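Novice: have a look at this prediction, sequence included:
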Amino acid sequence: MSSLLQKLAEQIETAQKGFSNENERLKALPAALPGILKPEGGRTELAQGIWVDFKPDSGVKTQLSGKGGSLRIQTASRGESPWFSFSYRLSVSKLKGARFFGQLVCCSSQGSARFNLCLRIIFADGFRDVFCDQIVVMTGEEQQEFLVIRLDQELLADAVGAEVLFFFEGHAFDVTLNEIEALHI
């Protein structure tokens, strides 16, 4: 391996360690799900600090299941919900001082699907969403995506919390998240 590739690999490994607690929770999620889960709406906690969220009483027909190390989200209809998200809590203290937040995602889909990554910075009186410039488009094959959001340290100075949200687009989708890793860059 060339020295440049070796250095890059070492830096990615260090970046993963920055969010080791979050990454361990995400890795354990599929095994923690009790069979097939059919959320009714609102914010539904899948495991500690990990949620799926959509507008209650909006006709969403979805189910989640864990198999091996993967989380499958099958949504037959998003109904009238203006959003559908998968999210997890992130340590805001670990974001402070970093230049970027990175998200490594290994995913696949049955048919086409799209999502946009968002970093929600939470304040005592509200929140601000910062979206990734890149939208992930899935066409069925397994793919790996490396997404990056530039951090504004002035904005983070008053933050009391942070979450990462995957906002799914479209009326129906069948997505499998095989691996999710937060990176401190």
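Specialist: Noted; the coordinates are in hand.
Novice: can you give me the helices in the chain?
Specialist: Listed in chain order, the helices of the chain (DSSP state H) span 3-17, 20-32, 92-95, 153-156.
Novice: in terms of mean pLDDT, which of those ranks lowest?
Specialist: Lowest mean pLDDT within the helices of the chain: helix 3-17, at a mean of 58.
Novice: dump the residue contacts of Ala32.
Specialist: Taking CB atoms under 8 Å, 6 or more residues apart in numbering, we find Ala32 in contact with 46-47, 66. Any C-beta I mention is one placed from the backbone N, CA and C, and that applies to glycine too.
Novice: against Gln48, how distant is it?
Specialist: Ala32 is 9 Å from Gln48, where distance means CB to CB, to the nearest Å.
Novice: ditto for Asn116
Specialist: 25 Å.
Novice: so if I had to pick from those two, which one is more boxed in?
Specialist: Each of Asn116 and Gln48 has its neighbours counted (other CB atoms under 10 Å); Asn116 has more, 17 against 11.
Novice: next up, the contacts around that one.
Specialist: For Asn116, the contact set (CB under 8 Å, 6+ apart) comprises 131-132, 135-136, 166-167, 169.
Novice: repeat for Phe168
Specialist: Neighbours of Phe168 in contact, by CB under 8 Å, 6+ apart: 73, 75, 78, 84-86, 113-115, 175.
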